[in-house]
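**Student:** Kindly generate the corresponding structure for this input.
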Amino acid sequence: MEVMEASAGYLVAADQRLPVGYKQTEVGVIPADWVCPTVAQIAANRPNAIVGGPFGSDLVSKDYVATGIPVVRGQNMARQYVSGDFVFVSELKAKQLQANMARADDIIFTQRGTLGQVSVVPWEPFEKYLVSQSQMKLTLNSEVANCLYVYQYFVSANGQRQILDSSIQTGVPHTNLGILRSYRIPLPPTKTEQEAIAEALSDADALIESLEQLLAKKRHLKQGAMQQLLTGEKRLPGFSGEWEVKRLGELADIRSGGTPSTTQPQFWDGVILWCTPTDITGLNGFKYLSDTSRKISSLGLKSSSAEMIPANSIVMTSRATIGECAINTVPVSTNQGFKNFVPFDQVDAEFLYYLLLMQKQGFISLCGGSTFLEIGKTQLAVFEVSLPEPKAEQTAIATILSDMDAELAVLEEKLAKARNLKQSMMQELLTGRIRLM
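**Tutor:** Modelled structure (predicted):
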């Protein structure tokens, strides 16, 4: 396809500058030959083209059967096409609710609950679907609008903003059929151009989905490897002998954290890194901590119970959120929501990091505290784990798991780039800034 970019020339309007060949509409600046219809104007000209689900009493849990006509609910709308685990109703029940049926190429919108969910009804494996009470269905005039183009618009940032901004916020956030009919959409004048845009964006979706599936598979493989390698179930070549049972207090010096007085400005904004649980959760699974959002001064460190944790130690959340770990690559201090492990010489820090991650459920089971979960230094010091005595085997295990983490990091970066590219494509293609001709 030939790509034609928007003209760089401008013409001066009374109150704004518009690119030559473009116009201002309710949905923003679009090409002059595009239109901006409402959903009602692109819907099929037949009864029940825009319809919600059944009334509450018309569809209840006792109507569900093992097989039959699938019911589209919120959990079936995670992707472009409705999918997943369906509940079903009988053919007889479906006939009674014929007005609430959806078929291939219809678009489903969530009406209450998780607003902004949008999915398309596929051609297979089912001939028809029943819309649940929390969804709405749109059947398009296929001569005017392409269903995948309309879907891509309503999952874009602009489409989502229109859905959320028009929602009713009293009680449970919700919308209704009247609001759905009033949504506006920037629409290229020909189905050919709509289809070209939808195809380009669907290809981007396919890439994202393939990366998500590969990432999920690799994560599953890593979890399996951790389970085998960190329990001695699988031994690496060249290593043998029984693993030893040790207390965590025998493997590392366990240190606590603290918070300087927040009423003393001289304790803050120094050069000492001061870690909070948000710094750990913000790593999104990345295992190395090299910076913190807040810093304290030397005076702040001395005035509190915070301790310096040398580089290549493990900081672990021990209050509310239990067992989230990171290896600090530089010296840090932490707040009181941490218990930190400074490994002894015979312990590989990377191995201890993975070993601690495996103990999360065990740590949680020991937690006390009436208002939130918390595990103490004494409990951790006597907590028993198994590990190989030779540090070389610990290092070998940690190296394998670190290599798997590195592979995951590469895939996560590719996925992030693919998602960003899709967002950029949507912004350009769905506004006509770039034309596919």
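
**Student:** Walk me through the domains of this protein.
**Tutor:** The record's domain split for the chain, according to automatic domain parsing, is 37-185, 244-387.

**Student:** okay if I get those domains as JSON lines plus mean pLDDT, distance to residue 226 and mean neighbour count?
**Tutor:** Every C-beta, even on glycine, is put in place using the N, C-alpha and C of the backbone. Rendered in JSON lines, the data for these read as follows (pLDDT from 0 to 100; distance: least, Cβ to Cβ, whole Å; neighbours: other Cβ atoms under 10 Å):
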{"stretch": "domain 37-185", "mean pLDDT": "95", "distance to residue 226": "27", "mean neighbour count": "17"}
{"stretch": "domain 244-387", "mean pLDDT": "95", "distance to residue 226": "6", "mean neighbour count": "18"}
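
**Student:** for these, which one sits closest to residue 426?
**Tutor:** Using Cβ to Cβ as the measure, domain 37-185 is the one of the domains of the chain that comes nearest residue 426, at 4.3 Å.

**Student:** Quote the end-to-end distance of the closest one.
**Tutor:** With Cα to Cα, to the nearest Å as the measure, the first residue of domain 37-185 is 6 Å from its last.

**Student:** what do you get for stretch 124-138?
**Tutor:** Distance between the two ends of stretch 124-138: 18 Å, counting by Cα to Cα.

**Student:** who's in contact with it?
**Tutor:** If you take Cβ atoms under 8 Å, 6 or more residues apart in numbering as the criterion, stretch 124-138 is touched by 39, 43, 49-56, 59, 69-74, 77, 82, 89, 94, 97, 100-103, 106-113, 121, 150, 175, 177, 180.

**Student:** again with stretch 341-348
**Tutor:** With contact meaning Cβ under 8 Å, 6+ apart, stretch 341-348 is reached by 248, 250-255, 309-310, 312-314, 316, 349, 352, 356, 387, 389, 391, 394-395, 398.

**Student:** before we move on, what about stretch 248-257?
**Tutor:** Outside stretch 248-257, the residues touching it (Cβ under 8 Å, 6+ apart) are 275, 305-307, 309, 313-314, 333-344, 347, 352, 377, 380-385, 387.

**Student:** and what of stretch 388-405?
**Tutor:** Looking at what lies outside stretch 388-405 - Cβ under 8 Å, 6+ apart - the contacts are 218, 221-222, 225-226, 229-230, 232, 236, 239, 241, 243-244, 287, 346-348, 350-351, 353-354, 387.

**Student:** let's see it at 6 Å
**Tutor:** Here stretch 388-405 makes contact (Cβ atoms under 6 Å, 6 or more residues apart in numbering) with 222, 229, 236, 239, 243-244, 346, 348, 350-351, 354.

**Student:** In terms of helices and strands, where is the closest residue to residue 296 other than its chain neighbours?
**Tutor:** Spatial nearest neighbour of residue 296, chain neighbours left out: residue 274 (4.5 Å); criterion: Cβ to Cβ, 6 or more residues apart in numbering. Assigned by DSSP states H and E, residue 274 belongs to strand 268-275.

**Student:** so how far is that strand off the chain centroid?
**Tutor:** Mean-position distance between strand 268-275 and its chain equals 31 Å (Cα atoms, centre = their mean, to the nearest Å).

**Student:** just to revisit the earlier point, right, and the residue nearest to residue 296 touches residue 293 too?
**Tutor:** No: here residue 274 lies out of contact with residue 293, judged by Cβ atoms under 6 Å, at a distance of 8.7 Å.

**Student:** follow-up on the earlier one: out of the contacts of stretch 248-257, list just those in strands.
**Tutor:** In strands, defined here by DSSP state E, the members of the contacts of stretch 248-257 are 275, 313-314, 333-334, 338-343, 384-385, 387.

**Student:** Same list (these) but as a markdown table, adding distance to residue 301.
**Tutor:** As requested, the ones in strands among the contacts of stretch 248-257 are exported to a markdown table (distance: Cβ to Cβ, whole Å):
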| residue | distance to residue 301 |
| --- | --- |
| 275 | 13 |
| 313 | 16 |
| 314 | 20 |
| 333 | 6 |
| 334 | 11 |
| 338 | 14 |
| 339 | 18 |
| 340 | 14 |
| 341 | 19 |
| 342 | 16 |
| 343 | 22 |
| 384 | 33 |
| 385 | 31 |
| 387 | 32 |
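
**Student:** between these, which is closest to residue 408?
**Tutor:** Looking across the ones in strands among the contacts of stretch 248-257 and measuring by Cβ to Cβ, the closest to residue 408 is residue 314, at 19.2 Å.

**Student:** Next up, the contacts around that closest one.
**Tutor:** When the contact criterion is Cβ under 6 Å, 6+ apart, the partners of residue 314 are 325, 327, 341, 352-353.

**Student:** hmm, 7 Å instead?
**Tutor:** If you count contacts by Cβ atoms under 7 Å, 6 or more residues apart in numbering, residue 314 has them with 325, 327, 340-341, 349, 352-353, 356.

**Student:** Next: residue 191.
**Tutor:** residue 146.

**Student:** Please tell me how far it sits from residue 144.
**Tutor:** Using Cβ to Cβ, to the nearest Å, we find residue 191 at a distance of 8 Å from residue 144.

**Student:** distance between stretch 337-348 and the chain's centre?
**Tutor:** Distance of stretch 337-348 from its chain centroid, counting by Cα atoms, centre = their mean, is 31 Å.

**Student:** Equivalent analysis for stretch 186-206, please.
**Tutor:** Centroid separation for stretch 186-206 versus its chain: 25 Å, with Cα atoms, centre = their mean.

**Student:** Please save the CA atoms from that stretch in PDB.
**Tutor:** The C-alpha coordinates for stretch 186-206 follow below in PDB (Å, rounded to 0.1, in the frame of the first residue of the first chain):
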ATOM      1  CA  PRO A 186     -14.000   9.500  12.800                       C
ATOM      2  CA  LEU A 187     -14.700   7.500   9.700                       C
ATOM      3  CA  PRO A 188     -12.800   7.300   6.400                       C
ATOM      4  CA  PRO A 189     -15.100   7.700   3.400                       C
ATOM      5  CA  THR A 190     -14.500   4.300   1.900                       C
ATOM      6  CA  LYS A 191     -14.700   0.800   3.300                       C
ATOM      7  CA  THR A 192     -11.400   0.100   1.500                       C
ATOM      8  CA  GLU A 193      -9.500   2.700   3.600                       C
ATOM      9  CA  GLN A 194     -11.200   1.500   6.800                       C
ATOM     10  CA  GLU A 195     -10.200  -2.100   6.100                       C
ATOM     11  CA  ALA A 196      -6.600  -1.100   5.400                       C
ATOM     12  CA  ILE A 197      -6.400   0.700   8.700                       C
ATOM     13  CA  ALA A 198      -8.100  -2.100  10.600                       C
ATOM     14  CA  GLU A 199      -5.700  -4.600   9.000                       C
ATOM     15  CA  ALA A 200      -2.600  -2.700   9.900                       C
ATOM     16  CA  LEU A 201      -3.800  -2.400  13.500                       C
ATOM     17  CA  SER A 202      -4.900  -6.000  13.700                       C
ATOM     18  CA  ASP A 203      -1.400  -7.100  12.500                       C
ATOM     19  CA  ALA A 204       0.000  -5.100  15.400                       C
ATOM     20  CA  ASP A 205      -2.400  -6.800  17.800                       C
ATOM     21  CA  ALA A 206      -1.300 -10.200  16.400                       C
END
